[in-house]
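Student: Have a look at this fold, sequence not included:
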């Protein structure tokens, strides 16, 4: 199946941003890598910032689907399962993990966009956090802070697990569940 020009541009941007960063990647380089005219790039994305935002949305949408990959629509996923799925997805997609990290740590990337995308594609997780706060099992902290904490620990865990031999990865992922539970849950609450 032939990829659309938009997809070729996004794929090329992902490859270049994760190697050269946002400042070190020009739109001309992205167009060259995608084998499209620069005008074609600007037809799909008005600015480099718009391209970054669109790529972030696509990566996070794919990531959110990976978090709940084994769940039917009406079933509530368990935190431990979401966690394991998330770490496994990030380990399996190192370039996309690097891009998420780049966005998380860059002053160039608008954090308002990050929060808006989290709300849109991770709405189910926001609902789980709100339900936990209401039940008294999750710390009553602002949802953006809880999401940021979860994502930071998840990314750190995935980077650590990725460097381990395959035989040690599952145990490391399972033990990392306690880290997130300790970080966001009310003392002595069972949110597994």
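Tutor: Thanks, I have it. Keep in mind that this is a model prediction, so the values were computed, not measured.
Student: Give the ranges of residues in the protein that sit below the confidence cut-off.
Tutor: 1, 70-77, 188-192 (pLDDT under 70).
Student: and it, what are its domains?
Tutor: Structural domains of the chain, as assigned by automatic domain parsing, span the residue ranges 1-46, 55-184.
Student: Would you map the helices across this protein?
Tutor: Assignment of helices within the chain using DSSP state H yields the ranges 5-20, 27-34, 38-44, 48-67, 79-92, 94-105, 111-121, 123-135, 143-162, 166-184.
Student: Tell me what angle the fourth one forms with helix 94-105.
Tutor: Going back to what we said before, that points to helix 48-67. With axes from the mean of the first three to the mean of the last three CA atoms, to 10 degrees defining the directions, helix 48-67 sits at 120 degrees from helix 94-105.
Student: Mind listing what's buried along helix 48-67?
Tutor: For helix 48-67, a neighbour-count test (16 or more other CB atoms under 10 Å) marks 48, 51-60, 63-64, 66-67 as buried. Using the backbone N, CA and C atoms, a C-beta is placed for each residue, glycine as well.
Student: residues in contact with the residue nearest the centre of the chain?
Tutor: Compute the mean C-alpha point of the chain, and by CA atoms, centre = their mean the closest residue is residue 60, 4.7 Å away. Residues in contact with residue 60 (CB atoms under 8 Å, 6 or more residues apart in numbering) are 100, 117-118, 121-122.
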